[in-house]
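# Only the shape, not the letters, is given here:
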């Protein structure tokens, strides 16, 4: 059975401002990498059918961590399936890896909804590769949502 997770957070900013943080490569570098990871966008084309390639780097201080791609790096490509401004972004995500447990296309759907305190942002992951524990994906998503809030609020 495919693995899925779903996490939401109220961001104290307008939908437009939150959506803009998804449509800019430099913004993604600032907030998308969870926890103490650092992000680097290699290319970026924000349109349906376009996409981006990004590396997430684990901190050197994490000695027991091995990246999905190499060393302390998780590199992935993302293809935009659907973009509805200020409402929804759907991406197909593929890790660059030689490990079968991390291979396969994962779907990330992000929705934006008006909330009395700002914007409710929901990340829904489908077809999470079997090598990624759903609880680890959820923890990473919660961290990412915290960083997004700090970035736009």
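Perfect, thanks for sending it. Predicted model only: the values in this text are computed from it and were never measured. Numbers count the residues shown, from 1 in each chain.

# tell me the contacts of residue 141?
Listed by Cβ atoms under 8 Å, 6 or more residues apart in numbering, the contact set of residue 141 reads 5, 7, 34, 123, 125. To be clear about C-beta, it is placed using only N, CA and C from the backbone, and glycine gets the same treatment.

# swap in residue 46?
Listed by Cβ under 8 Å, 6+ apart, the contact set of residue 46 reads 23, 24, 52, 80, 83.

# Any quick ChimeraX command for the buried ones out of those residues?
To isolate the buried subset of the contacts of residue 46 in ChimeraX, counting by 16 or more other Cβ atoms under 10 Å, use the following:
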select :52,80,83
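
# Where strands are concerned, which of the contacts of residue 46 count?
52, 80, 83 (DSSP state E).

# Closest one of those to residue 135?
Each of these was scored against residue 135 by Cβ to Cβ, and residue 52 proved nearest at 26.5 Å.

# do you know how far the closest one is from residue 129?
19 Å (Cβ to Cβ, to the nearest Å).

# All the helices of this protein, residue numbers only.
In the chain, the helices defined using DSSP state H lie at 15-22, 25-31, 134-152.
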